[in-house]
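**Student:** A structural model of the following input is requested.
(chains A and B)
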Amino acid sequence: MKIPLKYTLRNFKSRRLTTAITVAGIALVVFVFAAVLMLAHGIQKTLVATGMPDNVIVARKSANGEISSIIVRSDYNVMLTLPYIAKQADGKPLASGETVVIINLAKNTGGLSNVTVRGVAPEAFLLRPQVHVVEGRMFKAGAREVIVGSATAKNFAETNIGSTVTFGGNQWTIVGKFDAGGSGFDSEMWGDNDQLQDAFNRQGGYSTMTFKLDQPEAFNAFKAAFDAEPRLQQFEPKIEKKFFEEQSEAMASFIRILGIFITVVFSFGATIGAMITMYAAVANRTVEVGTLRALGFKRRSVLSAFLIESLSLALIGGVIGLFLASFLQFFSISTLNYQSFSELQFSFALSPSIVFTSLFFSLFMGFAGGFLPAVRAARLNIVNALRSA
Amino acid sequence: MRVLKLIFKNALRHKLRTSLTVLGMAIAVMAFGVLRTVVDMYYEGLEATAANRLITRQSVSFIFPLPYSYRDKIAKIPGVETVSFANWFGGTYKDKNNFFARMGVDPETIFEVYPEYLISAKELATFKQERNSCVVGSTIAKQYGFKIGDIIPIDGDIYPGKWEFVVRGIYKPRDKSTDGTQMFFHWSAIDERMKVDMPGRAGNVGWYIIKIKDPAQAAAISEQVDAPFKNSSNSTKTETERAFTQGFISGFSSLLNAMNAVSYIIIGIIMLVLGNTMIMSARERTNEYAILKTLGFSGGHLFGLIFGESLFISALGACAGVLLTYPIVAGIEAVVPKGFFPYFFITPSTLIIAASAALLIGVAASIFPIQRALRTKIVDGLRFAG
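**Tutor:** Predicted coordinates for the structure are as follows:
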């Protein structure tokens, strides 16, 4: 026969403080656990959203990021002759050679940080339909004008429309603000490629080239043609989505490794806390357990009653922790990305798998903490238990 | 004396509970220590800076080069002792994961401005003579097994093409905070190739390192360095090495803040574990406290008993935690690539903070049970049945 659930719930009430402390401990652990996973997921989500699945980006093989890649113009022209590059209505290839540099700007929170400045061709906006101007206007070709991403505008001082930024010996006017749908481009600043190349003395070449495939599945065929071209051996084409996802790898794995270490350690603490509570619960209720057994409840029932008690403590803690962590979605963090060496804004992002993992994790702590005490309770000898006071 | 014995006996009454608590605290103290070490790692770069070194870089950002011709102009400024320069080379050694700093430098002056990189006079002389030679830090020499005479192949990205450098020296870091993970070769070797391949990029250096005679003059000299280039397209920004490094760190500030916050949550968790144990112990002993009071022991005695026990357990936890921190940090250090984290070691202040936080928690955890024990009336205490 099963011991009624009510018995378990009543016990929580009679030892309110200890119960609350244990639940709080588990809630804290689950909160941190979920927060860390949400952060790592947020970075990846941002950078995955940056790339399109049917865009291809070409960079130098040995380059770790866009800024350290160089494609000289003659190589760029060779690339344009390759097959599978989508064409525009007028027959021009749908490709954008881009110059990517970083500049220092003052952050709102004080101190300088690096902002990616991307020189783009008009095709860039066809290649990335998620980017559109939301305030002000587009920069004019041939003018020293730039538009800022929404995250850059938010995190950096003096990035309002009408302000000027000085670089390359010139003043550049910010004429518009663009939104890139929560992708990495939101943390950038865009301007006319020719103007920027001129200002940065980069007339010799681009950093990367991005183009659209004429059919989504053509990447392997394109890569084969690319690799067969002897003049392009130093370069490597990648699906844009994959390229930016790789840009998040170092950062996401740093957070994840650190986070998992912290949480494993935390979970030891919380499991031990649950164990202490459950051992005390068993010790305090020795007579009760004896009575239950005398009434005819089986050892198995006693075991499951205590285990259920510990699991429900953990589950309550887990739900509270997750509930609190879900509010983190309203926050975003802006920090240097190791790989691109420039500022990147991303938010905490919750996913079903994070919810599932967190709850499972809390139940695991409850089980680990409750099992041994429950076994002790189940193995109590009826006579001795009833006699102990 | 007798009270001490009672505290000791009390602590050992529930051996399982006490050891679990000590274990929980030890793990948390260790986690706190490791996390602080990670945060310290970022700031450790600041410790490595010297007050008599200035860094001059392109004012827009450090990825833009400066003309080599600035060198002589800077050298003429009064108060400047030596001007050296370097170029960030980047590139890849075999695999992108093998990250360490690779720089083209001026072999004549680099070890003069960085006296904390220790190199034998013989090795330095060979390095100066051979255009295709390089010097590597002892940390990466150990990690990748570089020996004198080895050829290190590098795939260039910023400086495209294949490059090969012969190891002619291994420098040793002087202090614990000195970076032993860098590779230096001749700036002129890069420049020669640029003159042929990309003439527009020849004659450029990444940044200047200026050794000054009097650190107090740093601000004045910085201004004098920047002034003549102010209106050129290659305007400069000169600051002390410390300010320069701080600029790098500030980019990671939100990440560091998050880690700091987590390290304090850890303290909160230790507190919950120990607090729980103390509350439970005191609750179980309600009858005993009543009896002690009946026998004439004062509130002060009860205070001492509970406080002492809490402090005793937390001290044990702190000691165990500190001892645990060393092998864990060593383990992490062995796993992470050296080039990313050149300064991964435990500082004494980390241990002091961790241990004192644990003791403080010992104090805090006893407050609630003490309050309860003192407030309970003798009659109620005797009647209490758990």
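**Student:** C-alpha from now on. contacts and neighbour counts both.
**Tutor:** Noted.
**Student:** phi, psi of residue 285?
**Tutor:** No chain specified, so I'll use chain A. Main-chain dihedrals, residue A:285, degrees, to the nearest 10: phi -110, psi 20.
**Student:** wait, chain B was what I had in mind.
**Tutor:** With angles defined as degrees, to the nearest 10, residue B:285 sits at phi -100, psi 10.
**Student:** ok, how many other residues are close to whichever residue of chain A sits closest to chain B?
**Tutor:** Closest residue of chain A to chain B, Cα to the nearest Cα: residue A:169 (4.3 Å). By other Cα atoms under 10 Å in any protein chain shown, 16 other residues sit near residue A:169.
**Student:** how near is it to residue B:280?
**Tutor:** According to Cα to Cα, to the nearest Å, residue A:169 stands 70 Å off from residue B:280.
**Student:** not counting sequence-adjacent ones, nearest residue to residue B:314?
**Tutor:** residue B:362 (5.2 Å; Cα to Cα, 6 or more residues apart in numbering or on different chains).
**Student:** revised request: answer the last question for residue A:128.
**Tutor:** residue A:52 (7.4 Å).
**Student:** dump the residue contacts of the one you found.
**Tutor:** Neighbouring residues of residue A:52 by Cα atoms under 8 Å, 6 or more residues apart in numbering or on different chains: A:128, A:239-241.
**Student:** those residues: which two are farthest apart?
**Tutor:** Spatially, the most separated pair among these is A:128 and A:239, at 13.5 Å (Cα to Cα).
**Student:** between these two, tell me which one has more neighbours.
**Tutor:** Neighbour count, other Cα under 10 Å: between residue A:128 and residue A:239, residue A:239 has more, with 21 against 16.
**Student:** show me what that one is bridged to.
**Tutor:** Judged by DSSP bridges, the bridge partners of residue A:239 are residue A:56.
**Student:** where does it sit relative to residue A:49, distance-wise?
**Tutor:** 13 Å.
**Student:** go ahead and confirm residue A:266 touches residue B:266.
**Tutor:** Yes. Here residue A:266 reaches residue B:266: they are 7.4 Å apart, a contact under Cα atoms under 8 Å.
**Student:** quick check, residue A:104 in contact with residue A:115.
**Tutor:** Yes. Shown here, residue A:104 and residue A:115 form a contact pair, counting by Cα under 8 Å, at 6.3 Å.
**Student:** quick one: which of these two has more around it?
**Tutor:** Each of residue A:104 and residue A:115 has its neighbours counted (other Cα under 10 Å); residue A:115 has more, 24 against 18.
**Student:** what about that one, distance to residue B:384?
**Tutor:** Separation of residue A:115 from residue B:384 (Cα to Cα): 67 Å.
**Student:** what do you get for residue B:113?
**Tutor:** 75 Å.
**Student:** can you list the residues of the stretch 201-350 of chain A near chain B?
**Tutor:** A:204, A:234, A:262, A:265-266, A:268-270, A:272-273, A:276-277, A:279-280, A:284, A:333-336, A:343 (Cα under 8 Å from any Cα of the partner chain).
**Student:** also the stretch 51-200 of chain A?
**Tutor:** Counting by Cα under 8 Å from any Cα, the stretch 51-200 of chain A sits next to chain B at A:60-64, A:68-70, A:101-104, A:111-114, A:166-170.
**Student:** recalculate using a threshold of 6 Å.
**Tutor:** A:62-63, A:68-69, A:103-104, A:113, A:167-169 (Cα under 6 Å from any Cα of the partner chain).
**Student:** where's residue A:52, which helix or strand?
**Tutor:** Residue A:52 belongs to no helix or strand when assigned by DSSP states H and E.
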